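Novice: predicted coordinates and the sequence they were generated for:
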Amino acid sequence: MNLLHLAQIIVSVLLVVLILIQERSSGLSGIFGGGADGGSYQTRRGLEQILFWATIGMGAAFAILAVLNLILPNVS
């Protein structure tokens, strides 16, 4: 397994964790007792906004690593 494969595995695990943390119904606000109002829209602030942008960044990194894995030859 080369370094590119290892990086893609690490990024994919981090991406899954970030997605699970920011789930609206049982995410960060539910962990700390908030979010009882149900379906009302709320602006992301603070940690939620950081998690949102980190998820987008990890998704882009995962896509780039996937394309690189296809383009670059598999050198062990």
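Specialist: Cool, got the structure.
Novice: mind listing what's buried along the helix or strand where Ile50 lies?
Specialist: Here Ile50 is covered by helix 47-71, with elements defined by DSSP states H and E. Residues Glu48, Leu51, Thr55, Met58, Ala61, Phe62, Leu65 are the ones in helix 47-71 that count as buried (16 or more other C-beta atoms under 10 Å). (C-beta placed from N, C-alpha, C; glycine too.)
Novice: as CSV, the residues you listed with distance to Gln22 and pLDDT would be great.
Specialist: Compiled in CSV, the buried residues of helix 47-71 are given as follows (distance: C-beta to C-beta, whole Å; pLDDT from 0 to 100):
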residue, distance to Gln22, pLDDT
Glu48, 7, 86
Leu51, 5, 90
Thr55, 6, 94
Met58, 11, 96
Ala61, 17, 96
Phe62, 16, 96
Leu65, 21, 94
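Novice: now for those, which pair is the farthest apart?
Specialist: Distance extremes for the buried residues of helix 47-71: the farthest pair is Glu48 and Leu65 at 25.8 Å, using C-beta to C-beta.
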